[in-house]
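Next one to model:
(one chain, ligands or ions: 2)
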Amino acid sequence: MGDAVGMAEPELVDVVVVGLGVGGDEVAGKLAEAGLSVVGIERDLVGGECPYWGCVPSKMMIRAANALAEARRVDGLAGTAQVRPDWSPVAKRIREEATDTWDDRVAVDRFVGRGGTFVRGSGRLDGPGRVRVGDRVFQARYGVVLGTGTRPSIPPLPGLADTPYWTNHQAIEVEELPASLLSLGGGAIGLELAQVFARFGVQVTVLERSERVLAVEEPESSEVAAAALRADGVTIETGVGAERVSHDGQHFTVHAAGGAEFTAERLLVVTGRRAHLAELGLDTVGMDPDQRYLPVDDRMRAGDGIWAVGDLTGEGAFTHIAMYQAAIVVADLLDHARRATAGPDPSGTASVVGGAVGAASGVPAAGGPASAGSGTAGSGTAASGAVGSGVAGSGAVGAGVGGPQGVARADYRALPRVTFTDPEIGAVGLTERQARERGLNVQVGFAELASSTRGWIHRGDGFIKLVADADRGVLVGATSAGPAGGEVLAGLVVAVHAAVPISQLRHMIYAYPTFHRAIETALHDLR
Ligand SMILES: Cc1cc2nc3c(=O)[nH]c(=O)nc-3n(C[C@H](O)[C@H](O)[C@H](O)COP(=O)(O)OP(=O)(O)OC[C@H]3O[C@@H](n4cnc5c(N)ncnc54)[C@H](O)[C@@H]3O)c2cc1C
Ligand SMILES: NC(=O)c1ccc[n+]([C@@H]2O[C@H](COP(=O)([O-])OP(=O)(O)OC[C@H]3O[C@@H](n4cnc5c(N)ncnc54)[C@H](O)[C@@H]3O)[C@@H](O)[C@H]2O)c1
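Ligands and ions are numbered 1, 2, ... in the order given. Here you go, the predicted model:
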């Protein structure tokens, strides 16, 4: 510790947040608004993966690709339509509307405007409550929050590291589409992007190691998604054991077990994501840096004075999980700070923030509905605001759904997820297999979407699948696949989350003719 960096004098603050992605930015901003002195450290772009290389730009791509697909459906339904895809408006929109050309100035200003102190750099724990970034060291009075997310998990295939393969970053930033593309991985990212690129004329092949794509969801979901992508011209190869990768300067070849070879101009590697705990200095606070994810309790506490939020907790790599957890962290940290200031104050420093904490711990300032809209309208790009918008959930949680100490506890029973292929695959809670593995007395109900009048009129593929716990008479999981599968899912999320008795669900009135009437059919099919 004799170097200049090691000798930096610690700067005393209330909270240090490392990683200002979806979760960290939300926590840091809300705590700063509540009056705490908050240092937010981000090494790349404030806002994280979702607005710059994830949800938002990929959904802009999907919106455009679905417009092409819908126009192609005019033939046979309403006359004829000629469609000439052009990627340039999509790339422009991503550049200008979604990402500010991958510039986070607006997001940084917003955080500073909320009262936070921003530091660009890589943060690392350096003992209890202490975080080092560059030549500065911060000592947190109340706690450190880790929100450092995940990075692509790149398989150790011989040859791959030496090639100019794409991750989601290059795929999202692409200005000119290649003629052909291999997607190594047929999960959420692989399928969404494969369908987009295929609809814009790229020859796409998905190489999936498992026996089915979208393997974490119901087998019926995998079938519907695979059929839809094939109809768009995507080649889907499952059970592919990739062994090595080569690149001749023009084309990539994936060499697979059994001698199969797959060649294309570009290779997109989307084989999952992983947290990088080893670089966070966890060992300096007695925590294991070799874990895959950072385990947290139901108040998002990872250890003494350490909270974690978002993808790195391993509870589900979704923006809505990061936002949900952020609200819990905010409420719990404010509660913790209030208790700390209420007690004896040997350091004599807590009184400096005592007023702010006391005022904030009434909760609305930290998580009330009024603040949930922060970063919505008028803040320019999606990166600067869209992710934060519509996060009413943070208000609800902050408002004290109530654990024993008044702070809401995380509950993932009704975890929703939507894969935005066309048709969309929405799901909540347990799959049939997961429910059986848990030893539940499982009943399953199924209905093709076409069994509903709307589905039949629409000529849209899809289905509703319900998974019930017959002993409790409630749904524990459901899948809603269809043209609006993600939206139809909402009712099923309520049913699982609130454990609405199936007898009541069967006696609701379902509007005619909607896609969601297929839920009623599936409810009567439960057996
Ligand atoms: C292509 C794609 C599409 C997606 N689509 C959806 C979707 O439709 N819906 C959905 O819910 N989710 C989607 N996701 C997932 C979503 O993006 C993530 O769940 C979300 O971004 C997680 O937020 P986070 O705050 O945990 O982490 P991140 O957003 O990854 O942010 C972590 C931040 O921490 C920073 N960081 C890391 N280490 C350090 C350090 N030591 N010091 C300082 N900073 C550090 C990183 O630079 C990053 O900015 C998608 C993801 C991808 C890749
Ligand atoms: N709509 C959404 O909400 C959305 C969209 C995109 C991503 N995400 C989130 O991001 C996460 C990461 O997405 P992802 O698609 O990278 O991961 P994923 O885990 O969803 O899918 C990765 C796929 O790659 C396969 N695979 C792994 N190694 C392989 C290999 N060597 N060869 C061939 N296939 C291999 C896996 O079997 C799996 O099917 C998702 O789990 C999800 O939580 C969400």
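
Show the pLDDT at the residue nearest to I62 when sequence neighbours are not counted.
Nearest residue to I62, sequence neighbours excluded (Cβ to Cβ, 6 or more residues apart in numbering): F420, at 5.2 Å. (C-beta placed from N, C-alpha, C; glycine too.) Per-residue pLDDT puts F420 at 98.

what's the answer for A408, then?
Model confidence at A408 (pLDDT) stands at 86.

For the stretch 151-300 of the chain, give the residue positioned nearest to ligand 2.
Using Cβ to the nearest ligand atom, the closest approach of the stretch 151-300 of the chain to ligand 2 is made by G187 at 1.8 Å.

Need the phi and psi values for that residue.
Dihedral pair for G187: phi -100, psi -150, per degrees, to the nearest 10.

and the longest helix seen in the chain with ligand 2, contact?
In the chain, assigned by DSSP state H, the helix with the most residues is helix 319-342. No - Helix 319-342 lies out of reach of ligand 2 by Cβ under 6 Å from any ligand atom, never closer than 7.5 Å.

Let me know whether that helix sits next to ligand 1.
Yes - Helix 319-342 reaches ligand 1 (Cβ under 6 Å from any ligand atom) through 319-320, 322.

So which residues on the stretch 251-400 of the chain come close to ligand 1?
Residues of the stretch 251-400 of the chain lying near ligand 1 (Cβ under 6 Å from any ligand atom): 310-311, 317-320, 322.

Recalculate using a threshold of 8 Å.
When proximity is defined as Cβ under 8 Å from any ligand atom, the stretch 251-400 of the chain approaches ligand 1 at 270, 273, 276, 279-280, 309-313, 316-322.

Quickly note the distance from the residue nearest to I62 to M60.
From F420 across to M60, the span is 11 Å (Cβ to Cβ, to the nearest Å).

I'd assumed G314 was in contact with Y293.
Yes - with contacts counted by Cβ atoms under 8 Å, Y293 reaches G314, the gap being 2.9 Å.

Pull up the overlap in contacts between these two.
Common contacts of Y293 and G314 (Cβ atoms under 8 Å, 6 or more residues apart in numbering): A275.

Assign L268 to helix, strand or coil.
strand (DSSP: H, G, I helix; E, B strand; the rest coil).

Then the one 10 residues further on?
Here A278 takes the helix state, with states given by three-state DSSP.

So for this protein, the centremost residue is which one?
F318 (1.9 Å; Cα atoms, centre = their mean).

distance of the residue nearest to that one when sequence neighbours are not counted from V216?
Take F318 and drop its neighbours on the chain: the residue closest to it by Cβ to Cβ, 6+ apart is R417, 6.0 Å away. Plainly put, R417 is 9 Å away from V216 if you go by Cβ to Cβ.

And these two? Which one has more around it.
R417 (18 against 14; other Cβ atoms under 10 Å).

Any regions of the stretch 301-450 of the chain where pLDDT drops low?
Scanning the stretch 301-450 of the chain for pLDDT under 70 picks out 343-406.

Please, which helix or strand holds the residue in it positioned nearest to ligand 2?
With Cβ to the nearest ligand atom, the shortest gap between the stretch 301-450 of the chain and ligand 2 falls at A317, namely 3.3 Å. Element membership for A317, per DSSP states H and E: none, as it lies in no helix or strand.

sorry, back to before: quick one, which of the residues of the stretch 251-400 of the chain next to ligand 1 are buried?
For these, burial is judged from neighbour counts taken by 16 or more other Cβ atoms under 10 Å, and it is met by 270, 273, 280, 309-313, 316-322.
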